[in-house]
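Colleague: sequence and predicted model, in that order:
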Amino acid sequence: MPPAEPAPGVSLLVERFAFAGRTLFEGLRLELPAAKTTCLLGPSGVGKSTLLRLVAGLLPGAVRTASDGRPLERRIAWMAQSDLLLPWLTVEENLLVGFRLRGAGRAELAAARERARALLARVGLAERAAARPHELSGGMRQRAALARTLVEDRPIVLMDEPFSALDAITRHRLQDLAAELLRGRTVLLVTHSPLEALRLGHEVRVLEGLPARPGPPLRPLGTPPRAAEPALLALEARLLDALAGGAERPLEAAA
């Protein structure tokens, strides 16, 4: 389900951002290519989630521009690590909660409901539309959260470790589903998993240092979602080495 409007590229410029007396970013520039998935890796505490919030416009101190010159407001959807489903609503109503909070009119809400039902079918939850979140497994809840993100139909999607709490098999399946459903959108995915980044990213960036900066883009061969084949696993090992501070040559040389 491609976005209703073409996805623009996004440029983020941070002159200086400090938190609790610590300068996290200074002179940082991040480019997100249009209609591609950029995966962001880095050690805990380096500022990945903060950078995601800066792209979203939730924190002051950054200049955000879209390649088409239009404002970014109301063009961004967010998927968090936890599903954040409201326990008193059905799955279908959880998908529509953003529209209700914004006071959507009857016609807009009807169109959103139709889109929500189509997405629930795509993620395999059509028969659970009337269920409450406590009746779903962890994987089902994350599928519902993915559908809720996409029902907003925004061309730019930000994801903060959305699959990290899942078991390996469920995580693998949801990665495949996300790659399919997010196609054509500009995506920034924060993850701690090098393999997840390599499977899903058109570009992989490593955020490191203090103040932190993203390293050069690594562009794995092939189209996401990639199979965990020997070449990809070897690249995963090099990424782990880079995250541990032991890379001996530029990662982009292995793309």
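Modeller: In hand now; what should we look at? Residues are numbered from 1 along each chain as shown.

Colleague: quick one, strands of the stretch 151-255 of the chain?
Modeller: Assigned by DSSP state E, counting those that start in this stretch, the stretch 151-255 of the chain shows strands spanning 156-160, 186-190, 203-208, 213-214.

Colleague: and these: which comes nearest Leu28?
Modeller: strand 213-214 (5.6 Å; C-beta to C-beta). Any C-beta I mention is one placed from the backbone N, CA and C, and that applies to glycine too.

Colleague: now what about that closest one, what contacts it?
Modeller: The contact list for strand 213-214, computed with C-beta atoms under 8 Å, 6 or more residues apart in numbering, reads 25, 27-28, 30, 40, 205-207.

Colleague: let's go with 7 Å and repeat that
Modeller: With contacts defined as C-beta atoms under 7 Å, 6 or more residues apart in numbering, strand 213-214 is touched by 28, 30, 205-207.

Colleague: widest-spaced pair of these?
Modeller: Pairwise over these, using C-beta to C-beta, the maximum falls at Leu28 and Val206, 13.5 Å.

Colleague: okay, these two: which has more neighbours?
Modeller: Remark: of Leu28 and Val206, Val206 carries more neighbours, 25 against 21, as counted by other C-beta atoms under 10 Å.

Colleague: thinking again about what came up before, out of the strands of the stretch 151-255 of the chain, which is the most enclosed?
Modeller: Each of those was assessed for mean neighbour count using mean count of other C-beta atoms under 10 Å. The highest is strand 186-190, with a mean of 26.

Colleague: give me the low-pLDDT residue ranges for the stretch 1-150 of the chain?
Modeller: Across the stretch 1-150 of the chain, residues meeting the criterion (pLDDT under 70) sit at 1.

Colleague: I'd say Gly201 and Lys36 touch.
Modeller: No. Proximity of Gly201 to Lys36 does not meet the contact threshold set by C-beta atoms under 7 Å, at 8.3 Å.

Colleague: so between these two, which is more surrounded?
Modeller: A count of neighbours by other C-beta under 10 Å puts Gly201 above the other of Gly201 and Lys36, at 26 against 19.

Colleague: just the contacts of strand 213-214 now: which is nearest Glu152?
Modeller: Leu30 (22.7 Å).

Colleague: ok, the residue lying closest to Ala131 once chain neighbours are set aside to Pro216 distance?
Modeller: Spatial nearest neighbour of Ala131, chain neighbours left out: Val91 (5.5 Å); criterion: C-beta to C-beta, 6 or more residues apart in numbering. Distance of Val91 to Pro216, computed by C-beta to C-beta, to the nearest Å: 41 Å.

Colleague: thanks a lot, catch you later.
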